[in-house]
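Engineer: here is a sequence with its predicted model. Questions after.
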2 protein chains.
Amino acid sequence: MTEKRTIKAGLLGLGTVGSGVYKLMERQQKEMVHKVGASLCIEKILVHNMDKKREGVDMSLLTDKWTDIIDNDEIEIVIEVMGGIEPARTMILEALNSGKNVVTANKDLVAEYGKELLDAAENNGVDFLFEAAVAGGIPIIRPLKQCLASNEIDEVIGIVNGTTNYILTKMFEDGMDFKEALAKATELGYAEADPTADIQGLDAGRKVAIMASIAFHSRVVFPDVYTEGITGITARDIQYAREFGSVIKLLGVAHNTEDGIEVGVYPMLLPKDHPLASVRDSFNAVFVHGDAVDDAMFYGRGAGELPTASAIMGDVIDVARDIQYHCTGRISCTCYRKTPIKRFDDVKNKFFLRMQVDNKPGVLAAIASVFGVHKVSISKVVQKIITDGTAELVIVTEAVKEYHMQDALEHLKDMETTREISSIIREY
Amino acid sequence: MTEKRTIKAGLLGLGTVGSGVYKLMERQQKEMVHKVGASLCIEKILVHNMDKKREGVDMSLLTDKWTDIIDNDEIEIVIEVMGGIEPARTMILEALNSGKNVVTANKDLVAEYGKELLDAAENNGVDFLFEAAVAGGIPIIRPLKQCLASNEIDEVIGIVNGTTNYILTKMFEDGMDFKEALAKATELGYAEADPTADIQGLDAGRKVAIMASIAFHSRVVFPDVYTEGITGITARDIQYAREFGSVIKLLGVAHNTEDGIEVGVYPMLLPKDHPLASVRDSFNAVFVHGDAVDDAMFYGRGAGELPTASAIMGDVIDVARDIQYHCTGRISCTCYRKTPIKRFDDVKNKFFLRMQVDNKPGVLAAIASVFGVHKVSISKVVQKIITDGTAELVIVTEAVKEYHMQDALEHLKDMETTREISSIIREY
């Protein structure tokens, strides 16, 4: 084989994901020349702490100076795996503006500043790829942008947070309550020390913003996404879900409707025969509906050192091919529409409502009439007597606008016979 | 917007899939300029019968002369949806050799002549794409070639035939027997008039050959694939599968092992918690294991007018982008290894064996000793007495080499106490 050129990359960050990228790059060293028609190497690694011991890493590659990367004209690809908004945003912009291609796993950044970064890439004719920013190792950005490009996609629903899916799986399968399942997730390293972003749905919210933007060809940013977490889900809710032939999952939900884009993250009761219902433990999956392809689903590991590195390296290999073929910037921003975002109040959902009421005649009729007043149709009522004095009532509604349901809830709370609104969960 | 150029395509065939491509091309007319930076149109359609009425089709595009397409220098993309080996193969080769890009859905052709066609594409610096040839609308070729490019993939298992999956679903969920389920599939148009290629596993065999070639970077052709159909599966087998917490699926199975590539298609008992187990009806799915990504699965419609057209149009849009960026031929053949194919006799599998034997003392011991002689370890035995004289015996083995199991079976058949070997099914 004749001597091939070497394409050089600069790596920003050497945490969990950065180490994964480094390992994969080493592991695939000999394969690269076949896969991209060129060798591929990491030329420099930007780190905070030059003194920290890092096993298996060539320490001569480390630097704590950004200039060693940005001013090195031989570096054609910058791989950003530091996370967070700054300094990642500034560095990526500088890299793009100096003609370097960028691959990132940074969902926070893409969900808020995606347009700015894609514009900079387009202006400079370079690639800006972020497959790893959504659902870790699962191929989803490229399938949406390329394979399904001829579809009008109207629905994207994802289980895109592994921590909460693990917690809900433990609650459903092993009968744990939320706190116990969270503790187990923390013990296994699935949940971070501060699990807020996971359990409140913020992490999933960023991912669904990115997916909706790509699927619907119209910019959706994180502040557009209504988010609700899983902290209020109880063992009793899970029990009812099972009784109804459903599971409870934290879903990122995006619909492209005639009156705008609906986008949110919240727990939902999902029928057991939906393909997403069998996604267990810390696995992720994204379900897509398009006018041509019909239903499709992408399943796999949404996080972790090597799965995330797999997605990053897929992007890096694609950039390297583009460099070889002089076609960087080949696929840039695909948000060519400006579809409005629907007010969440106007989104229609079915609801599962669990409440404790006085156990006496006429209570159910009064509650039903409140729903009627607020234009909420009821599809199912289950009443279980808990003690002599209190009855547990579970009501499932037809699809109603969020604000009608909120009004009905306010009204229900004010009723003398209402002892507690225990749970309110949406139903798919 | 300034005037953009128009990229012209020639369509070979206007059957179910061809009509789908035509419809999608019409439907996406206005979007194309945003998606590929150019307009895209069908310039000519090659058909057998010029006189047939074709609703909604611009009849002026029809031709029955191949020269109208091959000699038209303005046609840059040929979309082949005729199926079959000839004349498709000759036409595609001529198209590639005259510098036209080709998109095809033709699994028979790619599974047997993939190398020849990819070589021709590479020599001419054009694209040859075939996403639709495997699992219809499901993105699988591009994810394998690009997104998962940094993985060493060791396992690809697919439910890649919708007809048989529909039949097995009906048998499992509705208690139908094979004939009844096949009749239902025919009635619904899932099964063709001659269902042999589906129910004998040949269709799935072609698809698994293509997937294995791409996943393992080494050429696998259809004749390399061991195939076995589902005609022998009975309601009673399904019943046992359920008892064992499994389902029965027709799987395309490919493993990349230290002693070569294993590749086959056969029904298998699959544990209910495997992601493929919940793939129901005529849906398809492909499960992949890679050293970095871990488990991943791709799910969707494996056939049908619009799902297949979705995959074809994804390829066409990609080709159009490559034309715009002067980088056709950017991803060609990825089979850079020459891994041997393992003899199927040497492949190891677990087996589920159902047999009828004389119901008398010592029979089970004699059978167990036959297995011992042939190096087959038993993991489970269930014995049910059917009548006074006959007992039904179900034996599940540990993983053993195929030829050991075949030898044991021959031996068992010859035993005086054996009345019938009723079923022999592999277990995942």
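Structural biologist: That came through, no problem.

Engineer: could you pull out the helices for chain A?
Structural biologist: In chain order, chain A shows helices spanning A:16-27, A:29-36, A:67-70, A:88-97, A:107-124, A:141-142, A:162-174, A:178-187, A:196-199, A:202-216, A:235-243, A:305-324, A:363-373, A:402-414, with DSSP state H as the criterion.

Engineer: tabulate the ones you listed (JSON lines), appending distance to chain B, mean pLDDT and mean neighbour count.
Structural biologist: In short, each C-beta sits where N, CA and C put it, glycine included. Shown next, in JSON lines, are the helices of chain A (distance: least, C-beta to the nearest C-beta, whole Å; pLDDT from 0 to 100; neighbours: other C-beta atoms under 10 Å in any protein chain shown):
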{"stretch": "helix A:16-27", "distance to chain B": "5", "mean pLDDT": "96", "mean neighbour count": "21"}
{"stretch": "helix A:29-36", "distance to chain B": "4", "mean pLDDT": "90", "mean neighbour count": "17"}
{"stretch": "helix A:67-70", "distance to chain B": "22", "mean pLDDT": "98", "mean neighbour count": "16"}
{"stretch": "helix A:88-97", "distance to chain B": "18", "mean pLDDT": "98", "mean neighbour count": "20"}
{"stretch": "helix A:107-124", "distance to chain B": "11", "mean pLDDT": "96", "mean neighbour count": "20"}
{"stretch": "helix A:141-142", "distance to chain B": "5", "mean pLDDT": "96", "mean neighbour count": "23"}
{"stretch": "helix A:162-174", "distance to chain B": "10", "mean pLDDT": "96", "mean neighbour count": "23"}
{"stretch": "helix A:178-187", "distance to chain B": "18", "mean pLDDT": "94", "mean neighbour count": "17"}
{"stretch": "helix A:196-199", "distance to chain B": "20", "mean pLDDT": "94", "mean neighbour count": "19"}
{"stretch": "helix A:202-216", "distance to chain B": "12", "mean pLDDT": "97", "mean neighbour count": "27"}
{"stretch": "helix A:235-243", "distance to chain B": "16", "mean pLDDT": "96", "mean neighbour count": "17"}
{"stretch": "helix A:305-324", "distance to chain B": "3", "mean pLDDT": "96", "mean neighbour count": "26"}
{"stretch": "helix A:363-373", "distance to chain B": "35", "mean pLDDT": "95", "mean neighbour count": "15"}
{"stretch": "helix A:402-414", "distance to chain B": "30", "mean pLDDT": "96", "mean neighbour count": "16"}
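
Engineer: and these: which comes nearest residue A:257?
Structural biologist: Residue A:257 lies closest, by C-beta to C-beta, to one member of the helices of chain A: helix A:202-216, at 10.1 Å.

Engineer: ranges for the strands of the stretch 201-350 of chain A?
Structural biologist: Using DSSP state E, counting those that start in this stretch, the strands assigned to the stretch 201-350 of chain A run over residues A:226-227, A:246-257, A:260-271, A:283-290, A:294-301, A:348-358.

Engineer: quick one, which of those strands is nearest to chain B?
Structural biologist: For chain B, the closest of the strands of the stretch 201-350 of chain A is strand A:294-301, at 3.6 Å, according to C-beta to the nearest C-beta.

Engineer: elements contacting that closest one?
Structural biologist: Packed against strand A:294-301, as judged by 3 or more C-beta pairs under 8 Å, 6 or more residues apart in numbering or on different chains; DSSP states H and E, are the following elements: strand A:283-290, strand B:294-301.

Engineer: columns mean pLDDT and mean neighbour count on top of the strands of the stretch 201-350 of chain A, output as JSON lines?
Structural biologist: Formatted as JSON lines, the strands of the stretch 201-350 of chain A follow (pLDDT from 0 to 100; neighbours: other C-beta atoms under 10 Å in any protein chain shown):
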{"stretch": "strand A:226-227", "mean pLDDT": "98", "mean neighbour count": "18"}
{"stretch": "strand A:246-257", "mean pLDDT": "98", "mean neighbour count": "23"}
{"stretch": "strand A:260-271", "mean pLDDT": "98", "mean neighbour count": "22"}
{"stretch": "strand A:283-290", "mean pLDDT": "98", "mean neighbour count": "25"}
{"stretch": "strand A:294-301", "mean pLDDT": "97", "mean neighbour count": "24"}
{"stretch": "strand A:348-358", "mean pLDDT": "97", "mean neighbour count": "20"}
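
Engineer: most remote residue from chain A's center?
Structural biologist: Of all residues in chain A, residue A:361 sits farthest from the chain's C-alpha centroid, using C-alpha atoms, centre = their mean; the distance is 46.3 Å.

Engineer: now the strands of the stretch 201-350 of chain A as CSV including distance to residue B:200?
Structural biologist: Formatted as CSV, the entries for the strands of the stretch 201-350 of chain A read as follows, by distance: least, C-beta to C-beta, whole Å:
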stretch, distance to residue B:200
strand A:226-227, 51
strand A:246-257, 37
strand A:260-271, 35
strand A:283-290, 32
strand A:294-301, 27
strand A:348-358, 45
